[in-house]
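Asker: how would this look folded up:
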Amino acid sequence: MVDYDRLVPYGWTEAVANEYLPQLDPERIPARIVRMDRSECDVVTPSGPARATCTRDLTGLCTGDWVGLDAEGTVRQLLPRRSAIVRSSVSGRSVAQVLAANVDTVLICTAADGDVDLGRIERMLALAWESNAQPVVVLTKADAAVDIPLDIVRAVAPGATVLAVSAAAETGLDVLTAVLDGTVALIGPSGAGKSTLANALLGEDVFATNAVRAVDGKGRHTTVHRELRALPGGGTLIDTPGLRGIGLYDATEGISKTFSDIESLTADCRFADCAHESEPGCAVRAAIDDGTLPERRLISYRKLAKENEYQAAKTDKRLAAEREKVWRDITKFQRRHYQARGHR
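Answerer: The predicted structure follows:
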């Protein structure tokens, strides 16, 4: 008889069982990937931890995936993901890279003792919302910060919890632990204190940590693999390497949730196709003029939306054709305009 109790500390619940067991191929046993190493991976099974081999036809497996193993310990089946943190590949090609799968809570980590980059936080929020997980913005190293911009960060994170913590001073961890749910993934740049925070949540030094360079406030990638661990109070945690680049990949819904304040204002604009430039009755411009909406936020919204549209066009021939037509029309208009003015 299969002992599913060994999977419980790694996220196996009654709901997960009800969803996956009917989909599992006969003669397969469920397992969860805790670490990927190219063609092999560490998994946890009903018999305990094991090393598994991945077949060539199953590509893109990642930490957090639920899979089906055969009797020889080979991954034969990828079970449907309930959520996934996906970014555009750093190669520059429009290819999706899954950072972690079946995540319930995303901790967006940024150091409070340096320059808090609101644009980066908005970008990571779009990534988190699109994953179908609940984002929590964590301002780390609060003990070393002179002024913690909690209200400023909350203003750019509608719908998300924003907390300040210090793993070193052990402050704010109880509040953070109270909002964690299910599988928790930490994302953020190098030097944000992710591994230190992960160790504090796990109650032991599992992940290596390094000091941040004083000259520029940056750190080296101390976490080089995405690794899943069981949390002592229940649930699981995935630490991820520092993200230098956070390219969006098909993140329309994530952007919409990140900038829900702007989209709510847009609904009150006089014109449905308002560009928020100089149109009469623009609710967005009115909010910027009266100081309730920083113009920086509108600029960030446009930047992420344009980037997302560009990535979508690279993978969708129809969108690419439409985009090309728009630019052809613009070029023709400009050419006619210059010709009308006597330019050749």
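
Asker: list the contacts for the closest residue to Pro149 other than its chain neighbours?
Answerer: Nearest residue to Pro149, sequence neighbours excluded (CB to CB, 6 or more residues apart in numbering): Val116, at 5.5 Å. Every C-beta, even on glycine, is put in place using the N, C-alpha and C of the backbone. Each residue near Val116 by CB atoms under 8 Å, 6 or more residues apart in numbering is listed here: Thr110, Leu139, Pro149, Ile152, Val153.

Asker: do Gly48 as well
Answerer: So Gly48 contacts Arg6 (CB under 8 Å, 6+ apart).

Asker: For it, grab phi and psi.
Answerer: Note on Gly48: its backbone torsions stand at phi 120, psi -170 [degrees, to the nearest 10].

Asker: just checking, Leu69 touches Arg28?
Answerer: Yes. If you go by CB atoms under 8 Å, Leu69 and Arg28 touch, sitting 6.3 Å apart.

Asker: okay but Ser300 is in contact with Arg120, surely?
Answerer: No. With contact defined as CB under 8 Å, Ser300 does not count as touching Arg120 (10.0 Å).

Asker: Between these two, which is the more surrounded one?
Answerer: Between Ser300 and Arg120, Ser300 has the larger neighbour count (other CB atoms under 10 Å), namely 23 against 17.

Asker: The more buried one in helix, strand or coil?
Answerer: The local conformation at Ser300, judged by DSSP: H, G, I helix; E, B strand; the rest coil, is helix.

Asker: ok, it to Leu293 distance?
Answerer: 11 Å (CB to CB, to the nearest Å).

Asker: ok, now Glu170?
Answerer: Taking CB to CB as the measure, Glu170 falls 37 Å from Leu293.

Asker: before we move on, the earlier item: touching both of Leu69 and Arg28, which residues are there?
Answerer: Common neighbours of Leu69 and Arg28 (CB under 8 Å, 6+ apart) are Arg76.

Asker: between the two, who's got more neighbours?
Answerer: Shown here are Leu69 and Arg28; by other CB under 10 Å, Leu69 has more neighbours (23 against 17).

Asker: Give the bridge partners for the more buried one, please.
Answerer: Beta bridges link Leu69 to Ile29, Val75 when assigned by DSSP bridges.

Asker: Pull the contacting residues for it.
Answerer: Leu69 neighbours (CB under 8 Å, 6+ apart): Arg28, Ile29, Pro30, Ala31, Val43, Thr45, Ala50, Ala52, Val75, Arg76.

Asker: residues contacting Lys257?
Answerer: Leu125, Ala126, Trp129, Pro158, Gly159.

Asker: Give me the buried subset of those residues.
Answerer: Using 16 or more other CB atoms under 10 Å as the burial test, those include Leu125, Ala126, Trp129 as buried.

Asker: In space, what's closest to Gln77 - neighbours in sequence excluded?
Answerer: Excluding its sequence neighbours, the residue lying closest to Gln77 (CB to CB, 6+ apart) is Gly68, at 3.4 Å.

Asker: again with Arg76
Answerer: Leaving aside its chain neighbours, Arg76 sits nearest to Asp70 (5.1 Å; criterion: CB to CB, 6+ apart).

Asker: ok so, going back, give me the more crowded residue out of Glu170 and Leu293.
Answerer: Neighbours were counted for Glu170 and for Leu293 using other CB under 10 Å; Leu293 has more, 19 against 11.

Asker: measure the more buried one to Gly119 for me?
Answerer: Computed as CB to CB, the Leu293 to Gly119 distance reads 15 Å.

Asker: Low-confidence ranges, the stretch 51-200 of the chain, go.
Answerer: Within the stretch 51-200 of the chain, the stretches with pLDDT under 70 are 89-94.
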